[in-house]
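A.B. asks: Need a 3D model of the following:
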Amino acid sequence: MSVEGFYRANNMSIFNDLSKPPLVPPFKGDKPKSFKAKMKIVKIIIYIFFIFNVNFLKAEIKALWVPIWEINRAGKIDTLFLDIEDQEFDQLLVQVRYRGDAAYIPNKRDASFPNPEKKYFGISDSTFDPLEYIIDKAEEREIEVHAWFTTFIITGHDLTKLDSSHVFFTHPEWITSQFTSQPMDYQEDMGAFLDPGIPEVQDYTLNVILDVVANYAIDGIHLDYIRYPGTYFGFNELAKKTFKAEVKYQDANSWQQWKLDQVTRFVAKVSQSAKEISPEIRVSAAVFSDADEAHEKYSQDWMFWLDKGYIDEAYTMSYTTSTKRLEQDLTFLKNYKLNDKIVIGLRAWENGNSYPAGKIKEKIKVIGKLDYAGFALFSYSGIKQAEYFKNLKIK
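C.D. replies: Numbering: from 1, shown residues only. Below you'll find the predicted structure:
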């Protein structure tokens, strides 16, 4: 129903010609209401309508993931905004932490949250603040900036890129372990993970995130790698000690539930703490699109996070190249009745196989048809390399 239709269906006459005299004459001695007074009434009615019909106001999210290596120089950020000038993205998910490092200035003004992490190795100018620069550029264009954190993963495969003060070297006892109690090899997965079951790990990582919230005018926090690396991880000695202290009846089921609780506990702490600093900030997470797989294999209980309000949106990593498969997956996902809080992350890169921009546009139409909260494209680097911007018009 249109706005006009709503008012008429409810016998509201704000669409009548305000220059016409009222149907009932004013009492003797009263002066007719001025145009300004009538407009004030109109504004009040519209305000009340919007309060009780918030869904009408909700806009579809059109987001773009921007990797850290695309913002390490001012010129690259300028190019980013030129590239998206004709695209109607309203949100940038800007990677400010790659592997235990920073694309900003730690403890810039407010040092309430100790943050020892060093600049990302790709930033050669020690005085350059990529996050501040991109916030200023985005504000001019009314685009939101959400700080994208890789949460528990803290190395890549090349340790020579890390500063000697990096947490991997200063706290090797925090690295998660397999069942054999051997620390995770940094060549596994995408790199080594800190163990979410260690209270000190949660405190350390929370401080890093809150440092950015306290010092930068960001619109949101976006948590990536907010999980264990897999089912057979989490057996760090410090984590097991905490489990034994917290859980009375210990078996495989209680262990799995405890791991789920550790990640959930962290997400809840991030959300609550960040909103105490910045009440309007949005908290989101990049998640595996298969909720069962996320839950069972990675201890990533994102449906629960949404249900409890620990995150405002979940961004699924729905990277299939098949439009039909995406539609099937999203049709099933709607059964959870949380689609108004789910943003669909789409593949936007080529990998040796033909994947034209038209395929991405097809998927965007599917997302709109199924009434999801919006879409996010992964990633700006992939779009540039595939030269998608020529044929991909985000409207």
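
A.B. asks: Could you find the closest non-adjacent residue to residue 122?
C.D. replies: Nearest-residue entry for residue 122: residue 72, 4.4 Å, with adjacent residues in sequence omitted and distances by Cβ to Cβ, 6 or more residues apart in numbering. To be clear about C-beta, it is placed using only N, CA and C from the backbone, and glycine gets the same treatment.

A.B. asks: The one you found belongs to a strand?
C.D. replies: No: assessed with DSSP: H, G, I helix; E, B strand; the rest coil, residue 72 is coil; it does not lie in a strand.

A.B. asks: Tell me who's in contact with residue 113.
C.D. replies: For residue 113, the contact set (Cβ atoms under 8 Å, 6 or more residues apart in numbering) comprises 107, 206-208, 210-211, 214.

A.B. asks: mind running it again at 6 Å?
C.D. replies: Contact analysis of residue 113 by Cβ atoms under 6 Å, 6 or more residues apart in numbering lists 207, 210-211.

A.B. asks: And residue 289, by the same measure?
C.D. replies: Per Cβ under 6 Å, 6+ apart, neighbours of residue 289: 316-318.

A.B. asks: Which ones among those residues map onto strands?
C.D. replies: 316-318 (DSSP state E).

A.B. asks: Pull out the buried positions in the longest helix seen in the chain.
C.D. replies: Criterion DSSP state H: the longest helix present in the chain is helix 252-277. Neighbour counts using 16 or more other Cβ atoms under 10 Å place 258-264, 266-271, 274-275 of helix 252-277 among the buried residues.

A.B. asks: try stretch 307-321
C.D. replies: For stretch 307-321, by 16+ other Cβ under 10 Å, it's 310-318.

A.B. asks: Check stretch 130-138 too.
C.D. replies: Per 16+ other Cβ under 10 Å, stretch 130-138 contains these buried residues: 130-131, 133-135, 137-138.

A.B. asks: ok, now stretch 91-111?
C.D. replies: Going by neighbour count (16+ other Cβ under 10 Å), the buried part of stretch 91-111 is 91-108.

A.B. asks: before we move on, what about stretch 331-344?
C.D. replies: Neighbour-count burial for stretch 331-344 [16+ other Cβ under 10 Å]: 333, 338-339, 341-344.

A.B. asks: Of those, which belong to strands?
C.D. replies: Residues of those located in strands (DSSP E): 342-344.

A.B. asks: quick one on the thing from earlier: any chance of the contacts of residue 289 in a markdown table, plus pLDDT and distance to residue 83?
C.D. replies: Below are the contacts of residue 289 laid out as a markdown table (pLDDT from 0 to 100; distance: Cβ to Cβ, whole Å):
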| residue | pLDDT | distance to residue 83 |
| --- | --- | --- |
| 316 | 98 | 25 |
| 317 | 98 | 23 |
| 318 | 98 | 23 |
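
A.B. asks: before we move on, the earlier item: now the longest helix of the chain: how far from the chain's centre is it?
C.D. replies: 17 Å (Cα atoms, centre = their mean, to the nearest Å).

A.B. asks: For that helix, name the packing helices and strands.
C.D. replies: helix 199-215 (3 or more Cβ pairs under 6 Å, 6 or more residues apart in numbering; DSSP states H and E).

A.B. asks: now the next helix or strand after the helix it packs on and helix 199-215, what's the angle there?
C.D. replies: Going down the chain from helix 199-215, the next helix or strand is strand 220-224, by DSSP states H and E. Orientation check (axes from the mean of the first three to the mean of the last three Cα atoms, to 10 degrees): strand 220-224 against helix 199-215 gives 150 degrees.

A.B. asks: mind saving the C-alpha coords of strand 220-224 as CSV?
C.D. replies: Provided in CSV are the C-alpha atoms of strand 220-224 (Å, rounded to 0.1, in the frame of the first residue of the first chain):
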residue,chain,number,x,y,z
GLY,A,220,29.4,-0.6,12.3
ILE,A,221,31.6,-3.5,13.4
HIS,A,222,31.8,-6.5,11.1
LEU,A,223,33.2,-9.7,12.6
ASP,A,224,34.9,-12.2,10.3
